[in-house]
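J.: Make a model of this:
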Amino acid sequence: MRVHFIAIGGSAMHNLALALHAKGYKVTGSDDTIFEPSKTRLDNCGLLPEAFGWFPDKITTDLDAVILGMHAKKDNPELLRAQELGLKIYSYPEYLYEQAKDKTRVVIGGSHGKTTITSMILHVMHYHDKNVDYMVGAQLEGFDTMVHLTDENEFIVLEGDEYLSSPIDRRPKFHLYEPNIALISGIAWDHINVFPTYQNYLSQFEQFVALMRDGSILVYNEEDPAVREIAENATQPTRKHAYTTPEHQIIDGTTYLDTPEGDMPIEIFGNHNLSNLAGAKWICQHMGVDEDDFYEAIASFKGASKRLEKIAESASSVIYKDFAHSPSKVAATTAAVAHQYAERKLIACLELHTYSSLNPEFLKEYAHALDAAELAVVFYSPDAVAIKQLAPVSPEQIMQAFDRDDLIVMTDPANFKSWLFQQELNQTALLLMSSGNYGGLDFDQLQELIG
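T.: Numbers count the residues shown, from 1 in each chain. Alright, predicted model coming up:
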């Protein structure tokens, strides 16, 4: 099979390219720029383009498939050439479905928690030497790539992203997978640039459930009212299994899960992560892992990359970073750290970085999201607002949106770093939430804050 990637350098795209290369496919690709770690990983497999840019002469009639990434535009020269030649053009999720159409497809959906739940499932499978195909949105310990494809594995576990499939395919990615087993973790309005109203966003999950295959199984978070209503009204799944946050307790900074064999210490914490664990347990049971084996494996799960990731710790201080950026996830993550380290001061820093988070109309969704922290900071770059062609956002708007009078709002990366390194962190938990890096903050340097 000969496959060409238009925009091969993206996080998802390059992982799919590596997976197909490992499967023995002839893979080529183009991109106008490729950053690390994609660049080195592609180079190590001989897949790095010789030059950056778009080259229509790479598009030839002997290609079996052209895979189009979201980074490309509708007028991309290679795309136009592929259309002119009448080649089969796939979006990323479309091609994943092609690889998975004869397998049992397990799709994990939700506005938040889907990466963590998918990671939990794969951790359990890996622990028990059960081979499955997969696509997950984070690099996992013990896994070489974020995508793995074979001809022989029975199951494929797919993280079900609700964002658009490609520049020429405006369907949400998870609408293309047609799951045999599905999970919905929670629903909170996001991606307002493509889903302008909450109802429009909610309808994408209703359609996701409606597209499930005959005889399918739906696992859902009963504690989320929107999820519960969708699940209860769904007619396509044959079986439905609700889950709730499991019983647990925190002793000296360690969370103990209530299991049939007694209290079991686990590496993760926070009600949202424990809820994720309960959902993952149901999915693993449907994939042939019994309850005892699930608990044995999950005890060593430390979390997905950038999801409540501990980056420094001393006897009296701890620093976490987290990918949280949506209002519901920011509130859940802040509350989780505050509860886990109840005896310490919590400093919570949030970077507003995504299109939705910087939209003045959406900002009000962040009301009280940082209330669990004693000291709260919001950082954003006015340049990022301008690049996204949004209306300017003022510090006063930020304070009003978060509804917190003592909120610190910062816009200069150098000032933020200077402020951060002046903080006294004894008996403190520091939480840094962002899908960016605060304008260039080196997270590796944060060890210096606590010695």
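
J.: now what about stretch 11-31, what contacts it?
T.: 1-10, 34, 38, 41-42, 45, 47, 49, 52-55, 58, 67, 69, 71, 78, 92, 95-96, 135, 137, 145-151 (Cβ atoms under 8 Å, 6 or more residues apart in numbering). To be clear about C-beta, it is placed using only N, CA and C from the backbone, and glycine gets the same treatment.

J.: Tell me which residues of the helix or strand of the chain with the lowest mean pLDDT come out buried.
T.: For the chain, counting by mean pLDDT, DSSP states H and E, helix 382-387 ranks last in confidence among helices and strands (a mean of 81). Neighbour-count burial for helix 382-387 flags Ala384, Val385 (criterion: 16 or more other Cβ atoms under 10 Å).

J.: Mind giving me the packing neighbours of that helix?
T.: Helices and strands touching helix 382-387, as assessed by 3 or more Cβ pairs under 8 Å, 6 or more residues apart in numbering; DSSP states H and E, are absent.

J.: make it 10 Å
T.: Helices and strands touching helix 382-387, by 3 or more Cβ pairs under 10 Å, 6 or more residues apart in numbering; DSSP states H and E, are strand 345-352.

J.: Pull up the pairing partners for the strand it packs on, direction included.
T.: Using DSSP bridges, the strands paired with strand 345-352 are strand 375-380 (parallel), strand 428-433 (parallel).

J.: most packed of these?
T.: Each of the strands paired with strand 345-352 was scored by mean neighbour count; the highest is strand 428-433, a mean of 24, by mean count of other Cβ atoms under 10 Å.

J.: Can you classify the closest residue to Phe323 other than its chain neighbours as helix, strand or coil?
T.: Once flanking residues are discounted, Phe323 sits nearest to Lys306: 4.3 Å by Cβ to Cβ, 6 or more residues apart in numbering. Following DSSP: H, G, I helix; E, B strand; the rest coil, the label given to Lys306 is coil.

J.: Do you know the pLDDT at Lys306?
T.: Per-residue pLDDT puts Lys306 at 73.

J.: which stretches of this structure have low pLDDT?
T.: 451 (pLDDT under 70).

J.: Show the backbone phi and psi for the spatially most central residue of it.
T.: In the chain, the centroid-proximal residue (Cα atoms, centre = their mean) is Thr115; its distance is 4.5 Å. Backbone dihedrals for Thr115, given as degrees, to the nearest 10, come out at phi -70, psi -40.

J.: That one and Asp190, how far apart?
T.: 14 Å (Cβ to Cβ, to the nearest Å).

J.: mind listing what the nearest residue to Glu365 once chain neighbours are set aside touches?
T.: Spatial nearest neighbour of Glu365, chain neighbours left out: Pro327 (4.3 Å); criterion: Cβ to Cβ, 6+ apart. Taking Cβ atoms under 10 Å, 6 or more residues apart in numbering as the contact definition, Pro327 lies against 112, 188-190, 356-357, 362-369, 401-402.

J.: Inside helices: which ones of those?
T.: Ala401, Phe402 (DSSP state H).

J.: So among the contacts of Pro327, which ones count as buried?
T.: Burial by neighbour count, 16+ other Cβ under 10 Å: within these this picks out 112, 188-190, 356-357, 362-363, 365-366, 369, 401-402.

J.: Next, format the residues you listed as a markdown table and append distance to Tyr320.
T.: Shown next, in a markdown table, are these (distance: Cβ to Cβ, whole Å):
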| residue | distance to Tyr320 |
| --- | --- |
| His112 | 17 |
| Ala188 | 21 |
| Trp189 | 25 |
| Asp190 | 22 |
| Ser356 | 23 |
| Ser357 | 19 |
| Phe362 | 25 |
| Leu363 | 24 |
| Glu365 | 23 |
| Tyr366 | 19 |
| Ala369 | 16 |
| Ala401 | 24 |
| Phe402 | 20 |
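
J.: ok, of these, which one's closest to Lys173?
T.: Asp190 (13.6 Å; Cβ to Cβ).

J.: residues near Asp292, how many?
T.: Look at Asp292: counted by other Cβ atoms under 10 Å, it has 11 neighbours.

J.: mind checking how far it is from Glu261?
T.: Going from Asp292 to Glu261 by Cβ to Cβ gives 7 Å.
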